[in-house]
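Undergrad: quick check, what structure comes out for this input:
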Amino acid sequence: MEQLTQNLKNGHMQLLQVPFPMLNSGCVLVRNHYSIISAGTEGKTVKDARLGYIGKAMARQEEVKKVIKTAKTIGLMETYKLMMNKLDSPSPLGYSCSGEIIAVADDITEFKIGDRVACAGAGAVHAEVVAIPKNLCVKLPEQVGNDEAAFTTIGAIAMQGIRQADLRLGESCVVIGLGLIGQLTVQMLNAAGIKTIGIDIDEKMVALSKELGANYAFNRNTEGLENLIKELTNGYGVDAVIITAATSSNDPVDFSGEICRRKGKVIIVGSVPTGFKRTYYYKKELELKMSCSYGPGRYDSNYEENGIDYPYGYVRWTENRNMQAFVELVAHKKIDIKKLISHVFDFKDAPKAYQLILDKTELYTGILLKYDHAKPVLSKVELKQTATNPSEPNIGFIGAGSFANNVLLPALKDHCSFVGIATNKGNNARNIADKYGFNYCTDKSEELIADAKCNTIFVVTRHDSHAHYVKKAITYKKHVFVEKPLCLKENELHEINELQKETNTFVMVGFNRRFAPHIQKAKDILTPNQPVAINYRINSGAIAADHWVHDKNSGGGRIIGEVCHFIDLASFIAGSKITSVSANDMTGANNLRDTLVINLKFENGSIATISYFSNGSKELSKEYLEIFSNGQSIIINDFKTMTVHRKSTKSSQLSNQDKGHKEEVKAFLDAVRNGKACPIPFDQTYNAMLATFKVEESLAKNGAQIIL
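TA: Numbers count the residues shown, from 1 in each chain. Down below sits the predicted model:
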């Protein structure tokens, strides 16, 4: 299938052949009929992408600060590579479309194949086929055309602004900014019986607003406009102002304060500065509110991704219910969409539509992309046919987020054969397939695992899918490299253990720190079979409570998701099996269990304390490791510096932080290629993961010691 993409490095736009997006649980696949271009949001994205590096930096100053901080940690060259990886990739565009459902996930009961739907969100891109979570699509009545339905997301944005204003029948409202969202806002206010006044700096948009039924509409530059509005409201001022403009000027917010009545409301829907003159807001005790996108549920992963709805009786209007209400207004002819459609471009001509927006050569409001939905589309993209050598590592790659793209794939390049790749997003799969020379990219991970040409599977997906893919790959007798954690549940660990014993294939978790040069050097210094004492402090930093990693079902929490790394490293340094675990955590407001102390005992008498703290300063290094044994002490600071204290003290420093990723991948590939033992024996992985699960058990039992 084809998807519209834009290269963020140079702004180049193209229709790219990509595989279908993956059909995950809770989602539907939709064959697009129409999608709408958001001239404001997408126009800015396209404009920024065509700027030079200095222009990009000026437009994204907060991101520049993050880049500088990253450079201080991993070095200038590595940071440059990270940035180029991000910029030099095909980025999706679009967030509002309509079409027909062509597939549903097994757990979907609300929709069926053949349903016409309107779609919203990050998945509702300009592409022939899109994957949409169930809470971000709504069925269409017969009276609503697919072209009209493509406006639904933008209509929901306008509707949420009105809900924030909380207007009553007969009250008055000014809408500042009569672009697409503003025009829809005016029509909905009229339908609700609100006296509506539209304001814009473009006389053509003012005229269009009058044509669409605004009670009054004025050019912002009209002399004495504030007095006109007072006359229209019996000298009181309007009950509310909804700002749908996009500008760097303070005028919309300042002017709103001037024309509002006492105790009135100003609602910001568009992109405007919020610095304003205090006078009117103070004297009138005005309420200034932001309107968040389509409504309640927006940016909540439980709602949008996991499909958990808010109770109807407590949250009357969610983003999905706003979408439904908009569609019903269109169906009952309360909103005239046809007059808002200024341009319709065939999908193949999409770049011309964006050029029209950038050039501003003619008036535009609603710009639609029309798809040839009768055209055959393929879910898989075959790029080349390359013979594979069965004795070499032939890689099937599942998932490819930033870690895989920036760390694992560069380490694999030129050391294996890339066969196929499957990722959630088609544009991402195609980008990586092109960059690294995969034979094909697909939306079906099961097909990839079953491919006889693949003898090795890399699993770099979200945590909740690791166990499924690992078990499936073992069943097909494939070697497996899986990023941590191996699984999210203890019973999954036992199942994988039994499968691995039956097949004797490699199952290696990405416990890279074992392979870091300073760790390898420390192991050379330590006397074999001698007990060690380990003190390992991790300044992990806080992660927002609503981040997916904290979700027990998808991320497993930070103990399962990340602490397993440090438990494995302690076990490797000790050179012994963990025999008991105890842990205590510091109670936090969200009960995230992300600040804790873990005590480990080992079979050979070694002990370790792992202090995992999320409440420290960002300015402190992340990892600080101390090892004590036989009258010597080794200190490793953030995998950059190492100091050995014996009769004399010696220090060494790396030019850049090195946590062992490259050596880890090299060792794994060499073992596959040469039939050597797995670089991390699975019994050690099993022990480290089991100890990780026992950390949670100890916390649940108030710090009790748990014997493994």
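Undergrad: low-confidence stretches in the protein?
TA: 53-61, 64, 67, 69, 72-74, 77-78, 80-81, 83-84 (pLDDT under 70).
Undergrad: now residue 610: phi and psi?
TA: phi -110, psi 120 (degrees, to the nearest 10).
Undergrad: what's the neighbour count on it?
TA: Residue 610 has 23 neighbours, counted by other Cβ atoms under 10 Å. Using the backbone N, CA and C atoms, a C-beta is placed for each residue, glycine as well.
Undergrad: how about the nearest residue in space to it that is not next to it in sequence, secondary structure?
TA: Using Cβ to Cβ, 6 or more residues apart in numbering and skipping the chain neighbours, the partner closest in space to residue 610 is residue 598 (4.3 Å). Of the three states, residue 598 takes strand under DSSP: H, G, I helix; E, B strand; the rest coil.
Undergrad: kindly report the same for residue 513.
TA: Under three-state DSSP, residue 513 falls in the helix class.
Undergrad: now do residue 684
TA: Assignment for residue 684 (three-state DSSP): helix.
Undergrad: which residues does the residue nearest to it when sequence neighbours are not counted contact?
TA: Distances taken as Cβ to Cβ, 6+ apart place residue 571 nearest to residue 684, at 6.5 Å, with adjacent residues excluded. Contact analysis of residue 571 by Cβ atoms under 8 Å, 6 or more residues apart in numbering lists 577-578, 600, 602, 684, 687-688, 691.
Undergrad: just residue 273 next, same as before
TA: 248-250, 253.
Undergrad: equivalent analysis for residue 307, please.
TA: Applying Cβ under 8 Å, 6+ apart, the residues near residue 307 are 26, 133-135.
Undergrad: same question for residue 96.
TA: Residue 96 makes contact with 35-36, 38, 118-120, 124, 150-154, according to Cβ under 8 Å, 6+ apart.
Undergrad: do the same with residue 264
TA: 237-241, 284, 286-287.
Undergrad: want to try a markdown table for those residues, with secondary structure, distance to residue 640 and neighbour count as columns?
TA: Shown next, in a markdown table, are those (DSSP: H, G, I helix; E, B strand; the rest coil; distance: Cβ to Cβ, whole Å; neighbours: other Cβ atoms under 10 Å):
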| residue | secondary structure | distance to residue 640 | neighbour count |
| --- | --- | --- | --- |
| 237 | coil | 62 | 23 |
| 238 | strand | 60 | 26 |
| 239 | strand | 60 | 22 |
| 240 | strand | 56 | 27 |
| 241 | strand | 54 | 30 |
| 284 | helix | 57 | 16 |
| 286 | coil | 53 | 21 |
| 287 | strand | 51 | 16 |
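Undergrad: does anything pack onto the strand ranked longest in the chain? Which helices or strands?
TA: Longest strand in the chain, counting residues (DSSP state E): strand 27-37. Based on contacts counted as 3 or more Cβ pairs under 8 Å, 6 or more residues apart in numbering; DSSP states H and E, the elements that strand 27-37 packs against are strand 96-104, strand 116-120, strand 129-133, helix 146-149, helix 350-359, strand 366-370.
Undergrad: any chance of those in CSV, with distance to residue 609 too?
TA: Listed next are the helices and strands packed on strand 27-37 as CSV, based on distance: least, Cβ to Cβ, whole Å:
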stretch, distance to residue 609
strand 96-104, 50
strand 116-120, 49
strand 129-133, 42
helix 146-149, 59
helix 350-359, 57
strand 366-370, 59
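Undergrad: of those, which is nearest residue 613?
TA: strand 129-133 (34.7 Å; Cβ to Cβ).
Undergrad: that closest one pairs with which strands, parallel or anti?
TA: Strand 129-133 has the following strand partners under DSSP bridges: strand 27-37 (antiparallel).
Undergrad: orientation of the longest strand of the chain relative to strand 116-120 in degrees?
TA: Here strand 27-37 runs at an angle of 70 degrees relative to strand 116-120 (axes from the mean of the first three to the mean of the last three Cα atoms, to 10 degrees).
Undergrad: so residue 379 makes contact with residue 442?
TA: Yes: using Cβ atoms under 8 Å, residue 379 is in contact with residue 442, at 7.0 Å.
Undergrad: quick check: neighbours shared by those two?
TA: With Cβ under 8 Å, 6+ apart, residue 379 and residue 442 have common neighbours residue 19.
Undergrad: of these two, which one has the most company?
TA: The neighbour comparison of residue 379 against residue 442 (other Cβ under 10 Å) goes to residue 442, with 26 against 19.
Undergrad: what's around residue 147, how many residues?
TA: Using other Cβ under 10 Å, residue 147 is surrounded by 18 other residues.
Undergrad: hmm, I was thinking of residue 102
TA: Residue 102 has 16 neighbours, counted by other Cβ under 10 Å.
Undergrad: out of the contacts of residue 273, which are buried?
TA: Buried by 16 or more other Cβ atoms under 10 Å: residue 253, out of the contacts of residue 273.
Undergrad: among the contacts of residue 273, which are in helices?
TA: Using DSSP state H to define helices, the subset of the contacts of residue 273 located there is residue 253.
Undergrad: which of the contacts of residue 273 fall within strands?
TA: Using DSSP E, none of the contacts of residue 273 sit in strands.
Undergrad: export the contacts of residue 273 to JSON lines and tack on distance to residue 329?
TA: Listed next are the contacts of residue 273 as JSON lines, based on distance: Cβ to Cβ, whole Å:
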{"residue": "248", "distance to residue 329": "32"}
{"residue": "249", "distance to residue 329": "32"}
{"residue": "250", "distance to residue 329": "33"}
{"residue": "253", "distance to residue 329": "29"}
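Undergrad: and which of the contacts of residue 273 is nearest to residue 404?
TA: Residue 404 lies nearest to residue 248 out of the contacts of residue 273, by Cβ to Cβ, at 37.8 Å.
Undergrad: pull the CA atoms of stretch 492-508 into PDB?
TA: Output in PDB follows, covering the C-alpha atoms of stretch 492-508 (Å, rounded to 0.1, in the frame of the first residue of the first chain):
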ATOM      1  CA  GLU A 492       5.800 -17.200  31.400                       C
ATOM      2  CA  LEU A 493       9.400 -17.600  32.600                       C
ATOM      3  CA  HIS A 494       8.800 -21.200  33.500                       C
ATOM      4  CA  GLU A 495       7.100 -21.900  30.200                       C
ATOM      5  CA  ILE A 496      10.000 -20.400  28.200                       C
ATOM      6  CA  ASN A 497      12.500 -22.400  30.400                       C
ATOM      7  CA  GLU A 498      10.800 -25.700  29.500                       C
ATOM      8  CA  LEU A 499      10.600 -24.900  25.800                       C
ATOM      9  CA  GLN A 500      14.200 -23.800  25.700                       C
ATOM     10  CA  LYS A 501      15.300 -27.100  27.300                       C
ATOM     11  CA  GLU A 502      13.300 -29.100  24.700                       C
ATOM     12  CA  THR A 503      14.800 -27.300  21.600                       C
ATOM     13  CA  ASN A 504      18.200 -26.200  23.000                       C
ATOM     14  CA  THR A 505      18.000 -23.100  20.800                       C
ATOM     15  CA  PHE A 506      19.600 -19.800  22.000                       C
ATOM     16  CA  VAL A 507      17.400 -17.500  24.000                       C
ATOM     17  CA  MET A 508      19.500 -14.500  24.900                       C
END
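Undergrad: for residue 604, give its distance to residue 571.
TA: 11 Å (Cβ to Cβ, to the nearest Å).
Undergrad: no wait, residue 274
TA: 52 Å.
Undergrad: now residue 180
TA: From residue 180 over to residue 571 the distance is 59 Å, taken as Cβ to Cβ.
Undergrad: one more: residue 637?
TA: For residue 637 relative to residue 571 (Cβ to Cβ), the value is 21 Å.
Undergrad: what segments of the stretch 201-350 of the chain are helices?
TA: 203-211, 225-232, 251-259, 278-284, 301-304, 319-331, 350-359 (DSSP state H, counting those that start in this stretch).
Undergrad: if we can go back for a sec, can you say which of the helices and strands packed on strand 27-37 is nearest to residue 52?
TA: helix 350-359 (15.9 Å).
Undergrad: please save the CA atoms from the closest one in PDB.
TA: The C-alpha trace of helix 350-359 is given here as PDB (Å, rounded to 0.1, in the frame of the first residue of the first chain):
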ATOM      1  CA  ALA A 350      -0.900  15.000  -2.100                       C
ATOM      2  CA  PRO A 351       2.400  16.900  -2.300                       C
ATOM      3  CA  LYS A 352       0.600  19.500  -4.500                       C
ATOM      4  CA  ALA A 353      -1.900  20.100  -1.700                       C
ATOM      5  CA  TYR A 354       0.800  20.900   0.800                       C
ATOM      6  CA  GLN A 355       2.500  23.200  -1.600                       C
ATOM      7  CA  LEU A 356      -0.800  25.100  -2.000                       C
ATOM      8  CA  ILE A 357      -0.900  25.500   1.800                       C
ATOM      9  CA  LEU A 358       2.700  26.700   2.000                       C
ATOM     10  CA  ASP A 359       2.500  29.100  -1.100                       C
END
